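**Q** got a sequence here, can you model it:
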Amino acid sequence: MAAARDRPLSRPVTSRLPLWLERLDRTADRGLLWAVVAGGLVASGRGPRRRAGVRGVMAAAATSGIAHGLAKPLLPRARPWGRRFPSAHAASSSAFVLAAAMESPVLGAALVPVAVGVSAARISLGERTVEDVLAGALLGAGVAALTRRWWPVVRHAPARARPAGDAPPLADGSGLVIVANSSAGTPGALETLGQIVAPVLGADEPEEDAPPAPPSAIHEVLPRAQVIVPEAGVDFVEEVEAALDRPAPDGIAPRAVGVAGGDGSVAALAGLAQRRRVPLVVLPEGTLNHFARDVGIDDTPSALAAARDGEAVLVDVGVVDMASTENGVDRTVAFVNTASLGGYPDMVRLREQWEDRWGKWPSAAFALVRVLAEASPLVVELDGRRHTIWLLFVGNGGYEPRGMAPLFRPRLDARVLDVRYLRADVPFSRTRFVLSVLGGTLSRSRVYTAMSRTRLSVRVVGPAVGLATDGEVQPDADRFTFRIAPGAIPVYRPPEV
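**A** Below you'll find the model as predicted:
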């Protein structure tokens, strides 16, 4: 009975519009409407819509908690039916739509009428005044804006880079050696890779009456390119280098290399391209293609067209000299994105498992918390100074944001290393780190260090450890020297980027 007395005495619903509003109002109760919308966006796949759903529902949930737990008790507004100010419906709706618009402005604009309808329903049904709804909308907008502090809006445009004026147009593909790393990638990517190089892979002989097989995607654009498909376990870098040292079948001297695969394959060929001073063609056909996206290569056809037309930019290549007397390691490894020691490789692996569902930044945060809970400190000397750390990150170029997890880089030719590490010699360092991330104050925290270097020397005090470079785990070593390789390499990319 008490609940019934709390309800306003509203007029009977006699038209379709109030009935629609009443149903919308019930659907929006307790955030159900926005939870359903977020679920649909997250299930729609990767990209801005998924990120919009995750950011929106988190902003709406936080706003609802603030409205019910803080704003209403602190800002009571007497009503005949006992309701209080501000409107939680309007607050949650405003938070969801504005947060979603940060990731996808088009989607945010499409959801504005729904949010307006929810607020109009509150007023039309006599549950709230215009002032209540406006106050709720302002509260939601403020919470949505605050999400940027602990979850930065990632720039999804390609990184900037200087044009490479000396990259030759490959025209029909003469002088181009491409390796297709069939051991890299998801099943879907491998199927695409098979279509790209299908005639090269040596399919079954066709029947006499069967029409000729269509050319591979590579040979449709660059018919005279030399494509290498190495056998499993074969060092494809050595095969490509051997091809560079001998004349191509058409008599044209090799003058460019290419790779169809993921970041690890690209890094291996980028190191070769840097040593041999030749341009690089990147065909994004791996499990993850972070480097290709940074460059601005969305798909294989656009990369091939750029190579044909000679459109390229200059890109830095990071290298790390590894050594270990105990393990007999003495090698130089190239990386195009990142290298890391400590718990960082495990964090990246977990983040990549979860990011398709939850988005990159929330997945990175959850993965980091889990790794830190299980990690053991690592004692290292960084340029001769001893530190105890949880993890070490080295990026090829300056990554952003500086006070958060590195998510993107503005330039591909910055000629610097982005060095970050999390200290383990500060009391309660892991707890302080998590609180700093949640509060958006990581850049001012004692447990977190970020700096730019042109060269970094690392010596592990203790047993040799593994190094992760672009998703590949290298042999254990205890001495590492990170640097930017001399001379950026031309990488072909479409001119409209």
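**Q** may I see the buried residues of the helix or strand hosting Ile389?
**A** Counting by DSSP states H and E, the element that carries Ile389 is strand 385-396. Residues His387, Ile389, Trp390, Leu391, Leu392, Phe393, Val394, Gly395, Asn396 are the ones in strand 385-396 that count as buried (16 or more other C-beta atoms under 10 Å). Where you see a C-beta, it was placed from the backbone N, CA and C, and this is true even at glycine.
**Q** one more: stretch 469-483?
**A** Buried, per 16+ other C-beta under 10 Å, within stretch 469-483: Thr469, Asp470, Gly471, Glu472, Gln474, Asp476, Ala477, Asp478, Arg479, Phe480, Phe482, Arg483.
**Q** so which one among the residues you listed has the lowest pLDDT?
**A** Within the buried residues of stretch 469-483, the minimum per-residue pLDDT falls on Gly471 (77).
**Q** and the strands in the stretch 351-497 of the chain?
**A** Counting by DSSP state E, counting those that start in this stretch, the stretch 351-497 of the chain has strands at residues 378-382, 385-396, 417-423, 448-453, 455-460, 465-469, 472-477, 479-484, 489-492.
**Q** mind putting the ones you listed into JSON lines with distance to Gly173?
**A** What follows is the strands of the stretch 351-497 of the chain, written out as JSON lines (distance: least, C-beta to C-beta, whole Å):
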{"stretch": "strand 378-382", "distance to Gly173": "46"}
{"stretch": "strand 385-396", "distance to Gly173": "29"}
{"stretch": "strand 417-423", "distance to Gly173": "35"}
{"stretch": "strand 448-453", "distance to Gly173": "39"}
{"stretch": "strand 455-460", "distance to Gly173": "38"}
{"stretch": "strand 465-469", "distance to Gly173": "30"}
{"stretch": "strand 472-477", "distance to Gly173": "28"}
{"stretch": "strand 479-484", "distance to Gly173": "31"}
{"stretch": "strand 489-492", "distance to Gly173": "12"}
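**Q** so for Gln226, which of these sits nearest?
**A** strand 489-492 (16.4 Å; C-beta to C-beta).
**Q** who does the closest one touch, helix- and strand-wise?
**A** Helices and strands touching strand 489-492, as assessed by 3 or more C-beta pairs under 8 Å, 6 or more residues apart in numbering; DSSP states H and E, comprise helix 263-276, strand 280-284, helix 300-309, strand 312-315.
**Q** can you give me how far the longest one is from the chain middle?
**A** Think helix 263-276. The chain centre lies 21 Å from the centre of helix 263-276; the measure is C-alpha atoms, centre = their mean, to the nearest Å.
**Q** the second one too?
**A** A distance of 19 Å separates the C-alpha centroid of strand 280-284 from that of its chain, computed with C-alpha atoms, centre = their mean.
**Q** and the next helix or strand after it, what does it pack onto?
**A** Next helix or strand after strand 280-284 toward the C-terminus (DSSP H and E): helix 290-295. Counting contacts by 3+ C-beta pairs under 8 Å, 6+ apart, helix 290-295 packs against helix 263-276, strand 280-284.
**Q** out of these, nearest to Thr325?
**A** Judging those by C-beta to C-beta, what sits closest to Thr325 is helix 263-276, at 23.9 Å.
**Q** now what about the closest one, what contacts it?
**A** 179, 181, 184, 236-237, 240-241, 244, 257-259, 279-280, 282, 286, 288-292, 315, 317, 319, 332-337, 469-472, 485, 487, 489 (C-beta atoms under 8 Å, 6 or more residues apart in numbering).
**Q** all strands for the stretch 51-200 of the chain, in order.
**A** 176-180.
**Q** show me the helices in it, by range?
**A** With helices called from DSSP state H, counting those that start in this stretch, the stretch 51-200 of the chain shows them at 72-74, 88-103, 105-124, 130-150, 187-196.
**Q** out of those, deepest packed?
**A** Looking across those with neighbours counted as mean count of other C-beta atoms under 10 Å, the highest average goes to helix 88-103: a mean of 29.
**Q** what's near enough to touch Thr469?
**A** Contacts of Thr469 (C-beta under 8 Å, 6+ apart): Gly264, Ala267, Val320, Val333, Ala334, Phe335, Thr338, Ala339.
**Q** number of residues surrounding the residue nearest to it when sequence neighbours are not counted?
**A** Of all residues not flanking Thr469 in the chain, Phe335 sits nearest, at 4.1 Å (C-beta to C-beta, 6 or more residues apart in numbering). Neighbour count of Phe335, defined by other C-beta atoms under 10 Å: 30.
**Q** relative to Val458, how far out is Phe335?
**A** 14 Å (C-beta to C-beta, to the nearest Å).
**Q** repeat that for Ser93.
**A** 50 Å.
**Q** go on, Pro284?
**A** 31 Å.
**Q** looking at the buried residues of strand 385-396, which is nearest Ser452?
**A** Nearest member of the buried residues of strand 385-396 to Ser452, counting by C-beta to C-beta, is Gly395, at 9.6 Å.
**Q** wait, the closest one touches Asp418, no?
**A** Yes. The pair Gly395 / Asp418 is scored as a contact, 3.5 Å apart, by C-beta atoms under 8 Å.
**Q** name the residues contacting each of the two.
**A** Pro406, Arg409.
**Q** returning to that earlier point: for the strand holding Ile389, name the packing helices and strands.
**A** Taking 3+ C-beta pairs under 8 Å, 6+ apart as the contact cut, strand 385-396 packs with strand 318-324, strand 338-342, helix 344-358, strand 378-382, strand 417-423.
**Q** run the last query once more with 7 Å
**A** strand 338-342, helix 344-358, strand 378-382, strand 417-423 (3 or more C-beta pairs under 7 Å, 6 or more residues apart in numbering; DSSP states H and E).
**Q** who touches the host helix or strand of Gly40?
**A** Per DSSP H and E, Gly40 falls inside helix 32-43. Under the criterion C-beta atoms under 7 Å, 6 or more residues apart in numbering, residues Thr27, Arg49, Arg50, Ala52, Gly53, Val54, Gly56, Val57, Ala60, Ser92, Phe96, Arg357 lie in contact with helix 32-43.
**Q** residues touching the fourth one, list them.
**A** The reference is to Ala52. Here Ala52 is in contact with Leu41, Ala100, Glu103, Ser104, Leu107 (C-beta under 7 Å, 6+ apart).
**Q** try 8 Å this time
**A** Contacts of Ala52 by C-beta under 8 Å, 6+ apart are Leu41, Ala99, Ala100, Ala101, Met102, Glu103, Ser104, Leu107, Gly108.
**Q** do the first one as well
**A** Contacts were defined as C-beta under 8 Å, 6+ apart; by that measure Thr27 touches Leu33.
**Q** just the mean pLDDT for whichever strand or helix holds it, thanks.
**A** For Thr27, the element it lies in under DSSP H and E is helix 16-28. When pLDDT is averaged over helix 16-28, the result is 67.
**Q** equivalent analysis for stretch 128-137, please.
**A** For stretch 128-137, the per-residue pLDDT averages 86.
**Q** can you check stretch 162-178 too?
**A** 90.
**Q** same deal with stretch 379-390?
**A** Per-residue scores along stretch 379-390 average to 95.
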